[in-house]
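> no sequence for this one, just the structure:
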């Protein structure tokens, strides 16, 4: 299972994150050329909002990939056994992500704004927190569930 999660993480990085970042770079380049070279001839006003939404989704989906490949920064003040250190880390990350998902879920009914240029609901960006957080929580819980089955 761990191997499959790592493969999923690599797949996300290769086939979602890299193309999405290249798309953002390309769209923002077109936007800059349109604004400052062509003096807004195309009138493309939605690019910035779209790129912000894509970046929000990339950030919260990358939490899963970074955690699965163990690429995040760690600080250990007290030397602990590896299993205890991993448990404390998973509880801290899980608790924070659970709070983030819960608080986002509770605020969603109160959001009625729309992006000005796109016309999309502002909730689109907040859904990334819920999806990315639940994906991370599912992998954390799944890791311990599989260990119990062994």
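Noted; the coordinates are in hand. In this text, all values refer to a predicted model and were calculated from it rather than measured experimentally.
> Rounded mean pLDDT for the host helix or strand of residue 19, please.
Using DSSP states H and E, residue 19 maps to helix 18-32. Computed over helix 18-32, the mean pLDDT rounds to 92.
> So which elements touch it?
Here helix 18-32 touches helix 47-68, going by 3 or more C-beta pairs under 8 Å, 6 or more residues apart in numbering; DSSP states H and E. The C-beta positions use only the backbone N, C-alpha and C, and glycine is treated the same way.
> so the following helix or strand past the helix it packs on versus helix 47-68, what angle?
Toward the C-terminus, helix 47-68 is succeeded by helix 82-107 as the next helix or strand (DSSP H and E). For helix 82-107 against helix 47-68, the angle by axes from the mean of the first three to the mean of the last three C-alpha atoms, to 10 degrees is 150 degrees.
> Flag every buried residue along helix 82-107.
Using 16 or more other C-beta atoms under 10 Å as the test for burial, helix 82-107 gives 89, 93-94, 97, 100-101, 104.
> The residue nearest in space to the middle of the chain and residue 94, how far apart?
The residue lying closest to the centre of the chain (C-alpha atoms, centre = their mean) is residue 60, at 1.2 Å. Using C-beta to C-beta, to the nearest Å, we find residue 60 at a distance of 15 Å from residue 94.
> Any stretches of the protein with poor pLDDT?
In the predicted model, the chain carries pLDDT under 70 at residues 1-2, 5, 9.
> let's see 80
1-14, 40, 43, 64-65, 67-76, 146, 150 (pLDDT under 80).
> So residue 127 belongs to a helix, correct?
Yes - the assignment for residue 127 by DSSP: H, G, I helix; E, B strand; the rest coil puts it in a helix.
> count of residues packed around it?
16 (other C-beta atoms under 10 Å).
> Likewise for the one 3 residues further on?
By other C-beta under 10 Å, 17 other residues sit near residue 130.
> who touches it in this structure?
In this structure, residue 130 makes contact with 101, 104-105, judged by C-beta atoms under 8 Å, 6 or more residues apart in numbering.
> Fine, thanks again, bye for now.
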